[in-house]
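1. here is a sequence together with a model predicted from it:
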Amino acid sequence: MQLVDPSVSRAKLGRELDTWRQNEQEYRRKGWILLKADLDALVVEVAFLALLPLGNTQVPLVVPAIRLSYDNYDLWPPSLTFIDVFSGSPMRPPLSVAVGDGGRNILIDRDGKPFLCLKGVREYHEHPDHDGDRWELYRSAGFGTLAVVCDRVHTSMTSLVAGVGFQMQVAIASVGPNVSPEDARQSAAQIRAQYDTNVATHAAAIERR
Amino acid sequence: MTNPNSIDVIVVVSGENVPVDVNTHQKVAALVREALHKSGNEGQPLENWILKFDSGTEISFNISVADAGITDGAKLFLNPKAGEGGER
């Protein structure tokens, strides 16, 4: 449904992108990376990087990547979709929780689609539980601006990962003269199973926080 | 003559850069009020906003600009507090 002339939404999004670029270095240091800014499609994609300690180094991890759609902006707030950073396809975020200021889990599943239950995000204002909490009450304070939405995502999700230890063992299954291909396959499967267990354990630890 | 206690900072209000000059002996609240005024958010309750350094560290409104460690040329981030639904 088109209610706002796309040229109007485009101009408003363009202004937000201009202000984003003024602070792009600060956002980058926070780990907010602008993946895509398509004014024609009224779409912006951002990845949020967290650093995980791994041995003597730190590994960047995308937690999460999002797409913001600005159709009918700013009569409507932006719509937020979690995406696969590689393909851009919708996907579930790597963490199944997002912690709001009040300690609540604000990552809600609605008809199989996860969304952040935050003022300034379209899915919040469209949710039947928030009938009286209209977007118009928050629009002028900047609740739906790109920078504010990114700050919310970072605070509620990406920052959960910061400081969490992560251990990963890298092993190479070699096939020597005394190791059969079947034994090598079994060894590789065991290493992979141990890796998956470690990842699941650490993901659960992050979510418990 | 330039006031030696006066500093210039950038307050990024909901993503928009707002230059503010402030006396370091003033409370941070005065700095926030000025930033809200200049960004067209005048009159909004301060408790609805949160001020952070670039590092993400929150800054109290009730201490002086100097005590908060805000220095000339600093860039600070002022956003409306998160309003949220969610589940416990």
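-> Cool, the structure landed. Numbers count the residues shown, from 1 in each chain, chains lettered A, B, ... in the order given.
2. for chain B, what spans make up the helices?
-> Residue ranges of the helices in chain B, as given by DSSP state H, are B:28-38.
3. surely A:G120 meets A:A147?
-> No: counting by CB atoms under 8 Å, A:G120 stays clear of A:A147, with 11.1 Å between them. Any C-beta I mention is one placed from the backbone N, CA and C, and that applies to glycine too.
4. ok, those two, which is more surrounded?
-> Under the criterion of other CB atoms under 10 Å in any protein chain shown, the comparison of A:G120 against A:A147 puts A:G120 first, with 26 against 22.
5. which of the three states applies to the more buried one?
-> Under the three-state scheme (DSSP: H, G, I helix; E, B strand; the rest coil), the conformation of A:G120 reads as coil.
6. what about A:T155, which SS state?
-> Strictly by three-state DSSP, A:T155 counts as helix.
7. skipping its backbone neighbours, what lies nearest it in space?
-> Leaving out its chain neighbours, the residue that sits closest to A:T155 by CB to CB, 6 or more residues apart in numbering or on different chains is B:A82, at 7.3 Å.
8. and that neighbour, how many residues sit next to it?
-> By other CB under 10 Å, the burial measure for B:A82, its neighbour count, is 20.
9. quick one: contacts for it?
-> Listed by CB atoms under 8 Å, 6 or more residues apart in numbering or on different chains, the contact set of B:A82 reads A:G100, A:D101, A:L118, A:K119, A:R152, A:T155, A:S156.
10. what about 7 Å?
-> Listed by CB atoms under 7 Å, 6 or more residues apart in numbering or on different chains, the contact set of B:A82 reads A:G100, A:D101, A:L118, A:R152.
11. quick check: the first one touching A:T155?
-> No: between A:G100 and A:T155 there is no contact under CB atoms under 7 Å: 8.6 Å.
12. what's downstream of the one helix or strand A:V63 maps to, the next helix or strand?
-> Remark: A:V63 resides in strand A:57-69, with elements defined by DSSP states H and E. Following the chain from strand A:57-69 toward its C-terminal end, the next helix or strand by DSSP H and E is strand A:79-83.
13. quick check: angle from that following strand to strand A:57-69?
-> Angular relation of strand A:79-83 and strand A:57-69 on a 0 to 180 degree scale: 140 degrees, by axes from the mean of the first three to the mean of the last three CA atoms, to 10 degrees.
14. closest to the centroid, which residue in chain B?
-> B:V32 (4.0 Å; CA atoms, centre = their mean).
15. point out the residues in chain A that sit beside chain B.
-> A:16, A:19-20, A:22-23, A:26, A:29, A:100-102, A:104-106, A:108, A:117-119, A:124, A:127, A:129-130, A:141-143, A:145-148, A:151-152 (CB under 7 Å from any CB of the partner chain).
16. can you tell me which of the residues you listed are in strands?
-> A:I108 (DSSP state E).
17. out of the residues of chain A next to chain B, which are buried?
-> By neighbour count, with 16 or more other CB atoms under 10 Å in any protein chain shown, these hold A:16, A:19-20, A:23, A:26, A:100, A:104-106, A:108, A:117-119, A:124, A:127, A:130, A:141-143, A:145-148, A:151-152 as buried.
18. excluding chain neighbours, give the residue nearest to whichever residue of chain B sits closest to chain A in space.
-> Minimum separation of chain B from chain A (CB to the nearest CB) falls at B:S14, amounting to 2.6 Å. Of all residues not flanking B:S14 in the chain, A:G142 sits nearest, at 2.6 Å (CB to CB, 6+ apart).
19. and that neighbour, backbone torsions?
-> Summarising the backbone geometry of A:G142 under the convention degrees, to the nearest 10, its torsions are phi 90, psi 20.
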